[in-house]
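Novice: What would the 3D arrangement of this be:
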Amino acid sequence: MRISIYITNLWLLLTCAVLTAQETSKEADTIVKNNYGLRLGIDLYTPIYTAIDQHRKGLEITGDFRLSKTYYAAAEIGYLTFDGQEDFFSYSTDGSFIKVGIDYNAYENWLDMENLIYIGFRYGFSSFSQTLDRYTVNNDPIFDESPRIVEGQKFSGLSAHWGEIVVGVKAELFKNVFLGFSFSGKKMLSTKEPANFKNLYVPGFNRVFLNDFGFGVNYSISYLIPFYKKAK
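Specialist: Predicted coordinates:
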């Protein structure tokens, strides 16, 4: 958690510096045109986390397409493996996910700048499997004594549907190259899970907390492929 807070603070400072530098360099212009195109990138959080802790591995590709001055269609797709350790048991999760939605850019850019400070919504779906690697029988309610769970048992064909609210920043670091940070709050809508074991971790959703809530943090670097320009 301390590592995530440190990375987040560093990222926000860098983003603010980029935004400030770009605002101070604005020039007068009569007709301003914005790029409309496809922005593709990768999430950097999982590679950074993997370098520190081998319990989480995967890849997430991000993308958005500008629909109007302030609205963007957005999507993320990826896969993830996660090894969880609890007091009385350990487990592993392996699967893929996709999230689709829309972002609203609340930042008023100067001239032809393309920065975003946005809020958005995502619908997420994940297909995955979980393996119970080790457990000690106890009175925890996530276990059901009938049928009895066997160590190393794999539960396949699991799935989950959820919604999430996203707030974030994308700052143009270089021409068409963007640095991004976002935070998301998630709520599970429905999930398919084994009769005798709860889905504690879902790829794309992350850790499932009390009342089926969760959260996520993303750091990204992306490149905008311009298709055409349109006046503000």
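
Novice: so residue 183 sits in a strand?
Specialist: Yes - counting by DSSP: H, G, I helix; E, B strand; the rest coil, residue 183 falls inside a strand.

Novice: I'd like the numbering to begin with 101 instead of 1 from here.
Specialist: Sure thing, new numbering starts at 101, so read that last one as residue 283.

Novice: Am I right that residue 146 is in a strand?
Specialist: No - Residue 146 sits outside any strand when classified using three-state DSSP, being helix.

Novice: Mind telling me what element the nearest residue to it once chain neighbours are set aside is part of?
Specialist: Distances taken as Cβ to Cβ, 6 or more residues apart in numbering place residue 158 nearest to residue 146, at 5.0 Å, with adjacent residues excluded. Placement of C-beta: from N, CA and C, glycine included. When elements are assigned from DSSP states H and E, residue 158 belongs to strand 156-166.

Novice: CA atoms only for whichever helix or strand comes after that strand - export them in CSV, please.
Specialist: The helix or strand immediately downstream of strand 156-166 is strand 171-185, counting by DSSP H and E. What follows is strand 171-185, C-alpha atoms only, in CSV (Å, rounded to 0.1, in the frame of the first residue of the first chain):
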residue,chain,number,x,y,z
TYR,A,171,-17.0,12.8,-24.7
TYR,A,172,-14.8,9.8,-25.4
ALA,A,173,-15.7,6.2,-25.9
ALA,A,174,-13.3,4.1,-23.8
ALA,A,175,-12.3,0.5,-23.2
GLU,A,176,-9.7,-1.7,-21.5
ILE,A,177,-8.9,-5.3,-22.2
GLY,A,178,-6.4,-7.6,-20.5
TYR,A,179,-5.6,-10.7,-18.5
LEU,A,180,-4.3,-11.3,-15.0
THR,A,181,-2.9,-13.9,-12.7
PHE,A,182,-3.0,-13.3,-8.9
ASP,A,183,-1.7,-15.4,-6.0
GLY,A,184,-3.6,-14.6,-2.8
GLN,A,185,-2.5,-15.3,0.8
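
Novice: and the angle for strand 171-185 with strand 156-166?
Specialist: 170 degrees (axes from the mean of the first three to the mean of the last three Cα atoms, to 10 degrees).

Novice: Helix, strand, or coil at residue 149?
Specialist: Following three-state DSSP, residue 149 is assigned to helix.

Novice: which non-adjacent residue is nearest it?
Specialist: residue 156 (5.2 Å).

Novice: isn't that neighbour right up against residue 185?
Specialist: No - look at residue 156 against residue 185 with Cβ atoms under 8 Å: they stay out of range, at 11.9 Å.
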